[in-house]
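1. predicted model and sequence below, questions to follow.
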Amino acid sequence: MLQSLNKRGMKIVFRVDASTELGTGHVIRCLTLAEYLRSIKGIEIFFICRNVNGHLADYLFGKEFNVILIGEKDHHNFSAEMDRKETVPILQSIGQIDWLIVDHYHLDSFWESKMRPYTKKIMVIDDLANRKHDCDLLLDQTFGLNESVYSHLIPGHCQTLLGTRYALLRKSFRAYQKDKPPQFNHRLIHVHVFFGGVDSNNYTFRFSKLLMTHFPYIKLKAVVGKMYPYIETLQQLEEKDSGRFTWEQDIPDMAYSLSTCDIAFGAPGMTTWERACIGVPAAYLTTASNQQTIVKNLEQNNLCVYLGDARTINPKECIHKFSRFINNPEKLVELYKMGVKSVDGLGADRVLKHLREGVGE
């Protein structure tokens, strides 16, 4: 898929993966930044992605980006050394790179240090703070971070962009931001449901059905990604509850979809900041252990309500907590205010400024 290389202007390479196991979030947030970068004349962008099920290379290629797949299909024995051997020849073929942007939980300072000869600068996008990095710029858009979190994990010269001020959102999220607190009609509440781009455990169906059964005054709009494997279950639910349940797959405009709803329900992730920016109060079920600390911190700061772990929560407990959530108008207004205050939708512009300054633009 490697297109002819333009010898002029800046060259920026993203090393990022999507898969049925990893989900799509890493690629989507990199894509957001890439689309901002592409708006600047003279910047050429490349994606290097591993050839695994759900890699999204076709999706990126459809967006007219240069995409290079590495590795053999369905080869699961990943190692940083193997990835280095596969990535370096690609970087060499591209030529001198201005920024290598890495968004990958399995790559760290070992891999990054090996890339130094092939790029002027390295940027890392992370949200775990659990390994060392050899980079010049580090972005972590988790709410409430301070520099001490990464001080022992990055070199002294590395600049950090921390917190929701730098959340990577498409321009449409700011455009659809609600300009006043929600006014709830408790005879009809529109609920936006999203459990990530893959949702391999089908929480979308399981919890949509649960809410539909116990809350006759709500309408649900479920959104699923391109790789969601359980379409027939949503079709059945739509047929059974025609008018109260609708669903969409692989939608082009999540911002508009969210803006049509009163509240949001689902898993955290990149959409956490999207919901906050639009001003849609959100109730969360975590789907992975590493999400729990983040969501509990958000709840303490009035940015969401945490219902529990989707893998273990008792249905009665879920119904009880969700009922408390939607029947507390003061809390819902507070969540709206904190969301739009904390995520203004300008994060990508701020990151772009640092990238240009980093190479003397």
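-> Received it, and whenever you're ready, just let me know what you need.
2. tell me how far residue 56 lies from residue 197.
-> 9 Å (Cβ to Cβ, to the nearest Å). For glycine as for every other residue, the C-beta is placed from the backbone atoms N, C-alpha and C.
3. can you list residues touching both of those two?
-> Shared contacts of residue 56 and residue 197, defined by Cβ atoms under 8 Å, 6 or more residues apart in numbering, comprise 18, 24, 226.
4. can you put those residues in JSON lines and add neighbour count?
-> Below are the shared contacts of residue 56 and residue 197 laid out as JSON lines (neighbours: other Cβ atoms under 10 Å):
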{"residue": "18", "neighbour count": "29"}
{"residue": "24", "neighbour count": "25"}
{"residue": "226", "neighbour count": "15"}
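5. export those as TSV, with columns for secondary structure and distance to residue 105.
-> TSV is the format used below for the shared contacts of residue 56 and residue 197 (DSSP: H, G, I helix; E, B strand; the rest coil; distance: Cβ to Cβ, whole Å):
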residue	secondary structure	distance to residue 105
18	coil	12
24	coil	14
226	coil	21
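6. which residues in the stretch 51-200 of the chain form strands?
-> 66-70, 97-103, 119-125, 137-140, 159-162, 189-194 (DSSP state E, counting those that start in this stretch).
7. can you tell me the strand partners of the second one and which way each runs?
-> Right, the one you point to is strand 97-103. Using DSSP bridges, strand 97-103 pairs in its sheet with strand 10-16 (parallel), strand 119-125 (parallel).
8. repeat for the first one
-> The strands that strand 66-70 pairs with in its sheet are strand 43-50 (parallel) (by DSSP bridges).
9. who's in contact with the strand or helix carrying residue 339?
-> Per DSSP states H and E, residue 339 falls inside helix 329-342. The contact list for helix 329-342, computed with Cβ under 8 Å, 6+ apart, reads 143, 164, 177-178, 181-182, 184, 263, 275-282, 301-305, 325-326.
10. picking that back up, among the strands of the stretch 51-200 of the chain, which is nearest residue 288?
-> strand 189-194 (15.3 Å; Cβ to Cβ).
11. now that closest one: average pLDDT?
-> For strand 189-194, mean pLDDT is 97.
12. elements contacting that strand?
-> In terms of contacts (3 or more Cβ pairs under 8 Å, 6 or more residues apart in numbering; DSSP states H and E), strand 189-194 is packed against helix 203-214, strand 218-224, strand 263-266.
13. go with 10 Å
-> Secondary-structure packing of strand 189-194 (3 or more Cβ pairs under 10 Å, 6 or more residues apart in numbering; DSSP states H and E): helix 203-214, strand 218-224, strand 245-249, helix 254-259, strand 263-266, helix 270-278, strand 282-286, helix 315-326.
14. return the distance of it from the chain's centre.
-> How far strand 189-194 lies from its chain's middle: 19 Å, per Cα atoms, centre = their mean, to the nearest Å.
15. go on, stretch 300-310?
-> Distance, stretch centre to chain centre, for stretch 300-310: 18 Å (Cα atoms, centre = their mean).
16. convert the C-alpha atoms of that stretch to CSV, please.
-> Only the C-alpha atoms of stretch 300-310 are listed here, as CSV (Å, rounded to 0.1, in the frame of the first residue of the first chain):
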residue,chain,number,x,y,z
GLN,A,300,-14.5,11.6,42.3
ASN,A,301,-14.1,14.7,40.1
ASN,A,302,-17.7,14.8,38.9
LEU,A,303,-16.9,13.7,35.3
CYS,A,304,-19.0,10.5,35.3
VAL,A,305,-20.8,8.0,37.4
TYR,A,306,-19.1,4.6,37.8
LEU,A,307,-21.6,1.7,37.9
GLY,A,308,-19.1,-1.2,38.2
ASP,A,309,-17.3,-3.8,36.2
ALA,A,310,-19.3,-5.2,33.2
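17. report the buried residues of that stretch.
-> 302, 303, 304, 305, 306, 307, 308, 310 (16 or more other Cβ atoms under 10 Å).
18. of all the helices and strands packed on strand 189-194, which one is nearest residue 156?
-> When these are compared by Cβ to Cβ, helix 270-278 sits nearest residue 156, at 29.0 Å.
19. ok, back up a step: would you mind giving the strands of the stretch 51-200 of the chain as JSON lines with distance to residue 84 added?
-> Listed next are the strands of the stretch 51-200 of the chain as JSON lines, based on distance: least, Cβ to Cβ, whole Å:
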{"stretch": "strand 66-70", "distance to residue 84": "11"}
{"stretch": "strand 97-103", "distance to residue 84": "12"}
{"stretch": "strand 119-125", "distance to residue 84": "13"}
{"stretch": "strand 137-140", "distance to residue 84": "20"}
{"stretch": "strand 159-162", "distance to residue 84": "25"}
{"stretch": "strand 189-194", "distance to residue 84": "35"}
